[in-house]
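Colleague: give me a model of this one.
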Amino acid sequence: MMQISPETQLFIREHSSDDVRVLALQAKKYPDIDMPTAITQIAGRQVAAEKIPSWREIEEIWYPKHLSLEQCSSEITARYKARLSQGDSLTDLTGGFGIDCSFLATGFKSATYVERQEELCEIASHNFPLLGLNHITIYNEDAVTHLQQMNREDCIFIDPARRNEHGGKTVAISDCEPDVATLEELLLSKANRIMIKLSPMLDLSLALKTMKHTQEAHVISVNNDCKELLLIIGDTPPTHQIPIHCINLTSKEKQSFVFTREEEARVECTYTEKVGTYLYEPNASILKAGAFRSIAASYHTRKLHPNSHLYTSDEWIKEFPGRVFQVTGQCSFNKKEIKECIGDIKKANITVRNFPATVAEIRKRTKLSDGGETYLFATTLSNDQKVLIRCSKVSSNS
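Modeller: Residues are numbered from 1 along each chain as shown. Below you'll find the model as predicted:
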């Protein structure tokens with residue numbers, strides 16, 4: 001059973017903002033302190049201050065080792081998921097640190113947390129009452145074992161782990177553990193609604209083909225950084241086109257764009273070889289979901305090239321879900337033209353979209369360092385002309 005002595009608790013409070021690497025080297029100065037535990041808790045608090053801000057002031061919260069905390073959801077994505085399902089009963093089959101479970105559980109009369117790591121179960125048992133979540137029952141069990149034995153409930157949440165933990169690209173659900181594709185029928189026999197959280201590295205098209213009972217999909221980004229894919233499956237096959245929700249969450253707003261694969265295939269999209277007054281880059285969720293033609297049609301923009309995924313217009317479209325720029329110049333990749341286009345600027349933020357050179361190669365050619373107020377997009381127009389587009393940011397929509 002995990003215990004933290006009063007002396008160690010006081011040390012944690014007094015050193016909550018210290019550099020844990022320095023503290024680790026000073027362990028001999030504090031013989032009465034459980035330094036490994038103190039370092040884990042201080043590091044956890046520091047990560048949580050940004051990742052789970054509503055827990056910041058609860059000093060008694062226990063935090064897990066670094067790996068578990070890195071892999072868990074942020075509060076902002078957990079709150080989004082919590083708005084998608086409510087009912088009488090919920091089971092989280094892959095409880096982990098318990099962030100998703102704690103926020104999801106607020107919408108249910110009773111909840112079950114399942115986790116095979118005993119230490120994480122102990123932490124959850126300690127933390128949930130501090131959060132006022134006394135209606136959560138904790139089971140130290142394997143997810144599949146519990147699933148096979150559990151009663152039918154309103155909702156199941158599951159977050160399968162990527163099997164490849166060494167940097168390999170994980171593109172299929174079969175690369176995860178447990179493999180929810182093989183469990184789909186069992187899951188459907190146990191709940192009316194199943195929420196499956198997946199890595200943003202997974203191939204969304206393949207996931208939709210794999211999970212036959214998918215009712216809707218959500219591609220969730222935070223501050224234009226794609227964080228997770230969420231599939232919601234139900235106990236009847238979908239009789240309609242599957243809506244794909246492209247969500248970008250920030251501290252100020254929620255950008256939302258919804259489309260279907262069928263709409264994307266049939267929608268008309270205008271391509272152009274002329275860059276207008278404004279340039280648009282869709283947010284990360286839209287790009288991940290592949291709403292390339294749908295976004296152009298919905299916001300009445302012209303697409304630069306089928307593979308460039310940049311858009312333009314002569315009028316400012318303030319509501320566009322992504323970054324918006326005003327075009328201040330354009331040139332080819334010719335050295336003389338580049339020099340005239342960039343003028344006397346020393347810094348620029350460079351983005352490559354469908355262009356035969358890397359950012360590093362462009363920096364070398366332009367001699368521009370990173371940063372500043374100027375933005376350069378290296379891309380291809382509909383006539384296959386390769387161009388550099390110089391811009392200034394108009395909007396910070398993402």
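Colleague: what is the neighbour count of residue 49?
Modeller: 14 (other C-beta atoms under 10 Å). For every residue, glycine as well, the C-beta is placed using N, CA and C.
Colleague: just give the nearest non-adjacent residue to it, would you?
Modeller: residue 56 (5.2 Å; C-beta to C-beta, 6 or more residues apart in numbering).
Colleague: for the stretch 151-300 of the chain, which segments count as strands?
Modeller: Per DSSP state E, counting those that start in this stretch, the stretch 151-300 of the chain carries strands over the ranges 153-158, 161-162, 176-177, 191-198, 214-222, 225-234, 244-249, 254-259, 278-282.
Colleague: state the next helix or strand along the chain beyond the strand or helix carrying residue 374.
Modeller: For residue 374, the enclosing helix or strand under DSSP states H and E is strand 369-380. As assigned by DSSP H and E, the chain's next helix or strand after strand 369-380 is strand 386-396.
Colleague: quick one: buried residues of that following strand?
Modeller: In terms of neighbour count (16 or more other C-beta atoms under 10 Å), strand 386-396 has its buried residues at 387-391, 394-395.
Colleague: identify the residues contacting that strand?
Modeller: With contacts defined as C-beta atoms under 8 Å, 6 or more residues apart in numbering, strand 386-396 is touched by 275, 278-279, 316, 318, 320, 323-333, 338, 341-342, 355-356, 362, 373-381.
Colleague: buried subset of these as a PyMOL selection?
Modeller: Buried residues within those, by 16+ other C-beta under 10 Å, are selected in PyMOL with:
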select buried, resi 275+278+279+320+323+324+325+327+329+330+331+333+338+341+342+355+362+374+375+376+377+378+379+380+381
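Colleague: so where's the stretch 251-398 of the chain uncertain?
Modeller: The model of the stretch 251-398 of the chain has pLDDT under 70 over residues 395-398.
Colleague: residue 215 contacts residue 233, correct?
Modeller: Yes: under the criterion of C-beta atoms under 8 Å, residue 215 makes contact with residue 233 at 6.1 Å.
Colleague: max-length helix in the protein?
Modeller: In the chain, taking DSSP state H as the definition, the longest helix is helix 35-51.
Colleague: find the residue closest to residue 65 in space, skipping its chain neighbours.
Modeller: Among residues not flanking residue 65 along the chain, residue 40 sits closest, at 5.9 Å (C-beta to C-beta, 6+ apart).
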